[in-house]
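Q: need a 3D model of the sequence below.
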Amino acid sequence: MPFPPHVFRHTPALRGLITPPDASEMRFGQDRFDELDEQAREEGWPPGWRMDHDAREANRQAVLANRMTRDLWVFAYGSLIWDPAVHVEEYRYGALPGWRRRFCMRLDGGRGTYDRPGLMAALDEGGHCDGVVFRIPAALVDRETQFMWRREMFAGAYRPVFFEVGTPQGPVEALTFVMDHDNPRYMPEVSEEEAARMIALAEGRLGPNFAYLDSLVRHLDELGITDADIHRLHAIAGAIRAEAGLYPP
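A: You can find the predicted model right below:
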């Protein structure tokens, strides 16, 4: 079912652009892991490719200790913006200083391979990030964050932390999934040119890595959220694909 109208009272431009949780493919249960475990066995993925269920739940409990019975704000900077996969009571525009969207997470599956990895966007230190915050009502926090942890902490490459996020209606303390610098997927030294080349040429079972970047740019534009760095990366990657005889999805 669609979100109630009051969810977008501060962000009317977002109404109709956000995927309701019941229609989201990202709202999945444990059976999804069984499917991917089978794929991992068939394709010979290395051990530790995903986070253990017990470790993931222990992380959720630790991060949300003393927060399960009150409203929870979440800062979204990527697909969580337009496809949160959880029930939301309120949306606001949000700005987080000191952090930026950056394609710095190695992608070995989905839209990349171990031989030719791609990159996924994460939140890394430096700069500034415009996005949204959404509020999960207290009564639903325990249930809804289980879906969120399955999605965001799938591989354990993020670090869930709380930051003060500025909004037009005042600051809020929001849960934010940032890049874990201790995770082996983190690529801190990748340059913009190298990142663009990886994204332009990588492809996996889900299609080209460029399609992911292209979708991010299109959604941010549609939602009225600006990010000049991501636009520049998109242009460079697009040019590399054109030079290689590949074409945008």
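
Q: count the residues that sit near residue 52.
A: Residue 52 is flanked by 10 other residues according to other C-beta atoms under 10 Å. Using the backbone N, CA and C atoms, a C-beta is placed for each residue, glycine as well.

Q: how close does it sit to residue 108?
A: Taking C-beta to C-beta, to the nearest Å as the measure, residue 52 falls 18 Å from residue 108.

Q: element containing residue 102, please.
A: strand 90-107 (DSSP states H and E).

Q: report all helices and strands that that strand contacts.
A: Under the contact criterion of 3 or more C-beta pairs under 8 Å, 6 or more residues apart in numbering; DSSP states H and E, strand 90-107 touches strand 118-136, strand 158-165, strand 172-179, helix 192-201, helix 228-243.

Q: buried ones in it?
A: 90-96, 99-107 (16 or more other C-beta atoms under 10 Å).

Q: what's the first-to-last distance across stretch 47-65?
A: 30 Å (C-alpha to C-alpha, to the nearest Å).

Q: mean confidence score for it?
A: Averaged over stretch 47-65, pLDDT sits at 90.

Q: same check on stretch 161-180?
A: On average, the pLDDT along stretch 161-180 is 98.

Q: contacts for it, please.
A: Taking contacts as C-beta atoms under 8 Å, 6 or more residues apart in numbering, the residues outside stretch 161-180 that touch it are 10, 63, 72-75, 92-97, 99, 102, 104-105, 122-124, 133, 135, 152-153, 156-160, 186.

Q: and stretch 88-97, by the same measure?
A: Against stretch 88-97 from outside (C-beta under 8 Å, 6+ apart): 3, 6-11, 14, 18, 21, 71, 75, 77, 123, 128-137, 163, 165-169, 172, 174, 176, 225.

Q: assess the claim that residue 193 and residue 237 are in contact.
A: No: between residue 193 and residue 237 there is no contact under C-beta atoms under 8 Å: 9.8 Å.

Q: chain center to whatever helix or strand residue 34 lives in: distance?
A: Element membership for residue 34, per DSSP H and E: helix 31-43. Relative to its chain's centre, helix 31-43 lies at 21 Å (C-alpha atoms, centre = their mean, to the nearest Å).

Q: try stretch 12-26
A: Stretch 12-26 sits 15 Å away from the centroid of its parent chain (C-alpha atoms, centre = their mean).
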